[in-house]
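Student: fold the following.
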Amino acid sequence: MKPGITRRAFGATAGAAVFSAITSRKSASAAVQPQNVVIHPSAEIATVSPMLHSSFAEHLGSCVYGGLWVGKNSSIPNIEGFRTQAVNWLKELGVPVLRWPGGCFADDYHWRDGIGPLEKRPKTVNIHWGNYVEDNSFGTHEFIRLCRLIGSEPYLAANLGSGTPEEMREWMEYCNYPSGSSLSDERAANGSPEPFKVRYWGVGNENWGCGGNMTGDEYATHYKRFHTYARTFGDTRPFTIACGPNRNDVDWTRRFMSVVRPSGAGRGVLPSGYAFHYYQNGRDLPTKFSVEALQEQLALVQRMEETIVVQRGLLDSYLQMQPGPQGQRAGAAPPQRPQVQLICDEWGVWDRMDPAETKKYGALWMQSTMRSAVIAALGLNAFHRHADKLYMCNIAQTVNVLQSVILAHEDKCVRTTSYYAFLLEKPHRGNTAVRVETGSPASPDSISVSASKKDNELVVTFVNPKHDTDLKVTCALPGATPSAAKAQILHHKDHNACNTFEQPNTVVPKDYTVAIEKGRLVLDLPAMAIVTATVRLSA
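Tutor: Numbering: from 1, shown residues only. So this is what the prediction gives:
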């Protein structure tokens, strides 16, 4: 059973009948299967935070240099050095929070290398990603400016692996102290008199691997030391984010929490957030995925959803406040449970790379296909269904690298299928997630549904990850009466289809028809398709 989704046995007449039919799709035949869904508009989960749709940009391949940043003197159309087309499309998509500079890169990055006059910035070697030499023309000021241009909240990952608490603390002051200190005056001299007011601070990254090869308790000891110097400068209180596990590593979390949790002997040093990473790795080249590899990758999305439930429960098990040595005062209110927010600040598809493409476009350059879009929508649906357990999620990455929403090379730029998956899920942001039931057995390719409401409007996203089976969906809305509905679909019969520089509109959203029959929402959901319907409910 998928965590967070109630699955009930539908009657034999409702869920057991399966039949085959020839569809009208171009030169393709597929099975057609009836699918029942129940959405409970009154069974609220939590607000779908826009931050669940956030992103990540690392100094890796051509994500930053040549992707987001082309330089002010480039012949490529740019806004203050930022690729104009990328800025416009990211602004349209609405990236709530953007994480930078890594990733593995963060734990070898020293922020002072990226401030001051460009001609005086040192050239440094990116040891994690190909030993490329970078000129540091994209640094803190440029990142903050990019965030302002696209409307994102900045999230900085500080260097714990090879840095010091002093270095992180000074970066915080440089960014956030209003004026009057040497660091804030240096920021002003570098062109930014107003503080950046950066709230989100990662304290290291993947410290179980590229960030130091530590154990959970070893990292916790370092985290406590760094956390001591993470202070409020001006009116910006830092939201510190600790390194969580790789996937569902419960041992890492137990070791970490056993060191930082509150106890009768002290208040502990709890982070504001705790970030795990979960990639959906694939063994085939992006545009040559076999059905078997597709099934393996879909299973990883299901396991990511299980990880959300397990890690949230594990954190909560350590966060029960205990009375002090003298016990709780008679008649006093029970102690409040401190909250450590669960974050997934790296997730997404990670396929086998094409050597020719990475040689031409940069390390970890990867095409996004219809399969990639479906997996993005499966992940977002899971985040919505668990909106009560998650605080932020960041797709990896923004441009050119892994499951990027934009591909760019020289003067060419294209929106990927994953961009459009996020665009179709965007209407959920800020709504209240509600409970969903399906009659499908729990399997990697079973239908995925998330629903949210605001006032008299219900937003529902349906995802069919089956490669060879269309679904005839009948969606009941107990306690609510639908009066009108409109929808868009993202679909291609070939799960390897993609948008290229030469053919940028191969897979794009299109208006789609959904019907209301006897108080139910009815739609055809093709194989490998994402449909978002906006349903007006009668008052």
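Student: all contacts plus neighbour counts: C-alpha atoms, from now on.
Tutor: Will do.
Student: can you confirm Glu357 is in a helix?
Tutor: Yes. The assignment for Glu357 by DSSP: H, G, I helix; E, B strand; the rest coil puts it in a helix.
Student: ok, it - how many residues close by?
Tutor: 14 (other CA atoms under 10 Å).
Student: do Arg385 as well
Tutor: 26.
Student: now Glu92
Tutor: Based on other CA under 10 Å, the number of other residues close to Glu92 is 12.
Student: tell me the centre residue of the protein?
Tutor: Asn394 (2.8 Å; CA atoms, centre = their mean).
Student: partners of the strand or helix carrying it, with directions?
Tutor: If you go by DSSP states H and E, Asn394 is part of strand 390-396. Strand pairing for strand 390-396, using DSSP bridges, gives strand 54-56 (parallel), strand 341-350 (parallel).
Student: format these as CSV; extra columns: distance to Lys72 and mean neighbour count.
Tutor: Output for the strands paired with strand 390-396, formatted as CSV (distance: least, CA to CA, whole Å; neighbours: other CA atoms under 10 Å):
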stretch, distance to Lys72, mean neighbour count
strand 54-56, 23, 26
strand 341-350, 30, 24
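Student: can you give me the mean pLDDT across stretch 376-383?
Tutor: Per-residue pLDDT over stretch 376-383 has a mean of 98.
Student: with stretch 397-409 instead?
Tutor: 98.
Student: could I have it exported to PDB, CA atoms only?
Tutor: What follows is stretch 397-409, C-alpha atoms only, in PDB (Å, rounded to 0.1, in the frame of the first residue of the first chain):
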ATOM      1  CA  GLN A 397      18.600  20.600 -11.600                       C
ATOM      2  CA  THR A 398      17.400  23.800 -13.300                       C
ATOM      3  CA  VAL A 399      19.300  24.000 -16.600                       C
ATOM      4  CA  ASN A 400      21.100  21.300 -18.600                       C
ATOM      5  CA  VAL A 401      22.000  19.000 -15.700                       C
ATOM      6  CA  LEU A 402      20.000  15.800 -14.800                       C
ATOM      7  CA  GLN A 403      16.200  16.400 -14.800                       C
ATOM      8  CA  SER A 404      16.400  20.000 -15.800                       C
ATOM      9  CA  VAL A 405      13.400  22.100 -16.800                       C
ATOM     10  CA  ILE A 406      15.400  24.000 -19.500                       C
ATOM     11  CA  LEU A 407      18.100  22.900 -22.000                       C
ATOM     12  CA  ALA A 408      20.400  25.500 -23.400                       C
ATOM     13  CA  HIS A 409      23.400  25.600 -25.700                       C
END
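Student: and that stretch, how far out from the chain middle?
Tutor: 14 Å (CA atoms, centre = their mean, to the nearest Å).
Student: quick check: buried residues in it?
Tutor: Gln397, Thr398, Val399, Asn400, Val401, Leu402, Gln403, Ser404, Val405, Ile406, Leu407, Ala408 (16 or more other CA atoms under 10 Å).
Student: got it, and stretch 442-456?
Tutor: Those would be Pro444, Asp445, Ser446, Ile447, Ser448, Val449, Ser450, Ala451, Ser452, Lys453, for stretch 442-456 by 16+ other CA under 10 Å.
Student: next one: stretch 183-195
Tutor: Leu183, Ser184, Asp185, Glu186, Arg187, Ala188, Pro195.
Student: what does stretch 140-154 give?
Tutor: Neighbour-count burial for stretch 140-154, counted by 16+ other CA under 10 Å, picks out 140-147, 150-154.
Student: then stretch 412-421?
Tutor: Buried, per 16+ other CA under 10 Å, within stretch 412-421: Cys413, Val414, Arg415, Thr416, Thr417, Ser418, Tyr419, Tyr420, Ala421.
Student: same list (these) but as TSV, adding pLDDT, secondary structure and distance to Glu437.
Tutor: Below are those laid out as TSV (pLDDT from 0 to 100; DSSP: H, G, I helix; E, B strand; the rest coil; distance: CA to CA, whole Å):
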residue	pLDDT	secondary structure	distance to Glu437
Cys413	98	strand	40
Val414	98	strand	36
Arg415	98	strand	33
Thr416	98	coil	31
Thr417	98	helix	27
Ser418	98	helix	26
Tyr419	98	helix	27
Tyr420	98	helix	26
Ala421	98	helix	22
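Student: how near is the nearest residue to Pro238 once chain neighbours are set aside to Glu153?
Tutor: Nearest non-adjacent residue to Pro238, counting by CA to CA, 6 or more residues apart in numbering: Arg199, 4.9 Å away. Noted for Arg199: a distance of 8 Å to Glu153, by CA to CA, to the nearest Å.
Student: go on, Leu477?
Tutor: Applying CA to CA to Leu477 and Glu153 gives a distance of 36 Å.
Student: what do you get for Ala476?
Tutor: 38 Å.
Student: with Asp468 instead?
Tutor: The value you get for Asp468 to Glu153, if CA to CA is used, is 41 Å.
Student: report pLDDT for Val269.
Tutor: pLDDT, read off for Val269, is 89.
Student: again with the one 10 residues further on
Tutor: Here the pLDDT value assigned to Tyr279 is 98.
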